[in-house]
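Chemist: quick one, structure for this:
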Amino acid sequence: MRKLLAQRPVPSDKIVIRLVHPLKPETRYVVRIEGAMNLIGKKGGGDIGFTVPKPVPVDTTRRAPRAMPKPPPPPPP
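Modeler: Numbering: from 1, shown residues only. As a prediction, the model looks like this:
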């Protein structure tokens, strides 16, 4: 039994979807999956809704990090 299980991939409940265009902020979307097969071979589906968060504004009051000063030249021989 362990050999059989070692040959099979580990099940996952994650999916990555890459979109051509970004989603609109503060908009509600629904993702629906149909015809997915579970571990015992039963087909089914589901859906989940989510809202794209509003972008965080850039902190304009924060200063850029200072450049590190150059080290002093080595002493002459």
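Chemist: so which residues of this protein form strands?
Modeler: All strands of the chain, identified by DSSP state E, fall at 28-37, 43-51.
Chemist: and M1, what pLDDT?
Modeler: Looking at M1, its pLDDT reads 66.
Chemist: repeat for L5
Modeler: With respect to pLDDT, L5 has a value of 68.
Chemist: what sits up against stretch 45-57?
Modeler: For stretch 45-57, contacts defined as C-beta atoms under 8 Å, 6 or more residues apart in numbering pick out 23-36. Glycine gets a C-beta too; all of them are placed from N, C-alpha and C.
Chemist: circling back to that earlier point, could the strands of the chain go into a markdown table alongside distance to R18?
Modeler: Shown next, in a markdown table, are these (distance: least, C-beta to C-beta, whole Å):
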| stretch | distance to R18 |
| --- | --- |
| strand 28-37 | 13 |
| strand 43-51 | 16 |
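Chemist: now those as a markdown table including mean pLDDT?
Modeler: Listed next are the strands of the chain as a markdown table, based on pLDDT from 0 to 100:
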| stretch | mean pLDDT |
| --- | --- |
| strand 28-37 | 93 |
| strand 43-51 | 94 |
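Chemist: and the contacts of stretch 45-57, which are buried?
Modeler: Neighbour-count burial (16 or more other C-beta atoms under 10 Å) is assigned to none of these.
Chemist: ok, the residues you listed vs T61, which is closest?
Modeler: P25 (22.6 Å; C-beta to C-beta).
Chemist: quick revisit: quick one: closest of the strands of the chain to R8.
Modeler: Closest to R8 of the strands of the chain is strand 28-37 (C-beta to C-beta; 13.7 Å).
Chemist: neighbouring strands - and their directions - for that closest one?
Modeler: strand 43-51 (antiparallel) (DSSP bridges).
Chemist: next one: P76 from K70, what distance?
Modeler: Taking C-beta to C-beta, to the nearest Å as the measure, P76 falls 17 Å from K70.
Chemist: repeat that for T60.
Modeler: Separation of T60 from K70 (C-beta to C-beta) stands at 29 Å.
Chemist: same question for E26.
Modeler: For E26 relative to K70 (C-beta to C-beta), the value is 47 Å.
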